[in-house]
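Visitor: Generate coordinates for the sequence data below:
(one chain, ligands or ions: 2)
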Amino acid sequence: MGQCQQAESAERADSVAGPAVTRQDYRDAMARLGAAVNIVTTDGPGGRHGFTASAVCSVTDQPPTLLVCLNKGSSASAAVHANGVVCINTLASGHETLSNLFGGGKPVEERFAGGEWRVSQTGAPMLVGALTAFDCRIVRTVEVGTHDVLFCEVVGLASGDGAEGLIYFSRRYHALQGATHAPTERAAGA
Ligand SMILES: NC(=O)C1=CN([C@@H]2O[C@H](COP(=O)(O)OP(=O)(O)OC[C@H]3O[C@@H](n4cnc5c(N)ncnc54)[C@H](O)[C@@H]3O)[C@@H](O)[C@H]2O)C=CC1
Ligand SMILES: Cc1cc2nc3c(=O)[nH]c(=O)nc-3n(C[C@H](O)[C@H](O)[C@H](O)COP(=O)(O)O)c2cc1C
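Guide: Residues are numbered from 1 along each chain as shown. Ligands and ions are numbered 1, 2, ... in the order given. Reported below is the predicted structural model:
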């Protein structure tokens, strides 16, 4: 086996019988799957932290639950696990700079200085001006490969009046036109 083939085979996903899919193949395919952009924040005994996440998905509405995939190597990981709470702040168009601030490599204080925050019911920072925000307790964590899948039960919600969403697609941000609606705020089940 030549050097190139060896390197390629080392890059293949860890699957016994599955097709040969490299990490780069997978990422290139995922780049074609558009997703909302969120800043996931936390605070508590483990300290304040936050990271940008597109791997966020609704699981069930009873009890209202989302999942978030967090890279175990992220600088936010220890704080998220220690605090056991997160606020999933879904970004609106115009939040691209904030998304990049929380997208890695910046000190925590610099990240939070880029936005206006208030303290949610769980204590996690809630972004003023977020399209919508889910205040959550982490009820279960499942480790898969490089990531922890956090199952987050929603205990409070806040929706802003922003009309345009933000989508990450093809490694770029795109504004998404939507209908304007009145701001709401409520605890889950209310
Ligand atoms: N789920 C994740 O952990 C994601 C991580 N990122 C990180 O943001 C940076 C820039 O990303 P892009 O400009 O989109 O280029 P990219 O080529 O690194 O990623 C393309 C797509 O692949 C997926 N992806 C990337 N890294 C992943 C990972 N470690 N685990 C699972 N899925 C992953 C995402 O859907 C992403 O939009 C990279 O460092 C990337 O690792 C970005 C999106 C999702
Ligand atoms: C648009 C975008 C989406 C991202 N989505 C995720 C994600 O879903 N899960 C994740 O663990 N990291 C995601 N990241 C990467 C993290 O925001 C961050 O870079 C990573 O946690 C490492 O950051 P650190 O410098 O704090 O360690 C994303 C980055 C960007 C720019």
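Visitor: S54 - how many residues pack around it?
Guide: 18 (other Cβ atoms under 10 Å). Using the backbone N, CA and C atoms, a C-beta is placed for each residue, glycine as well.
Visitor: where does the chain come near ligand 1, residue by residue?
Guide: With Cβ under 6 Å from any ligand atom as the criterion, the chain meets ligand 1 at residues 27, 30-31, 54-55, 69, 71, 146, 171.
Visitor: So among these, which ones count as buried?
Guide: With burial judged by 16 or more other Cβ atoms under 10 Å, the buried subset of the residues of the chain next to ligand 1 is 54, 69, 71.
Visitor: List the contacts of the helix or strand containing the second one.
Guide: Using DSSP states H and E, C69 sits in strand 64-71. Applying Cβ atoms under 8 Å, 6 or more residues apart in numbering, the external contacts of strand 64-71 come out as 38, 40, 51, 53, 55-59, 76-77, 80, 86, 88, 134, 136, 139, 144, 146-154, 188.
Visitor: Going through those, which ones are buried?
Guide: 38, 40, 51, 53, 56, 76-77, 80, 86, 88, 134, 136, 147-154.
Visitor: where along the protein do the helices fall?
Guide: With helices called from DSSP state H, the chain shows them at 3-11, 23-30, 77-83, 96-101, 108-113.
Visitor: So which of the ones you listed is nearest ligand 2?
Guide: Ligand 2 sits nearest to helix 96-101 of all the helices of the chain, at 5.8 Å, using Cβ to the nearest ligand atom.
Visitor: Kindly state the beta-bridge partners for the residue most central in space within the chain.
Guide: Centroid-nearest residue in the chain: A53, 2.5 Å away (criterion: Cα atoms, centre = their mean). Here A53 shows beta-bridge partners N38, assigned using DSSP bridges.
Visitor: Help me confirm that it comes into contact with N38.
Guide: Yes - assessed by Cβ atoms under 8 Å, A53 is found in contact with N38 at 5.0 Å.
Visitor: Which one of the residues in the protein is closest to ligand 2?
Guide: Counting by Cβ to the nearest ligand atom, the chain gets nearest to ligand 2 through G104 (2.5 Å).
Visitor: Good, wrapping up.
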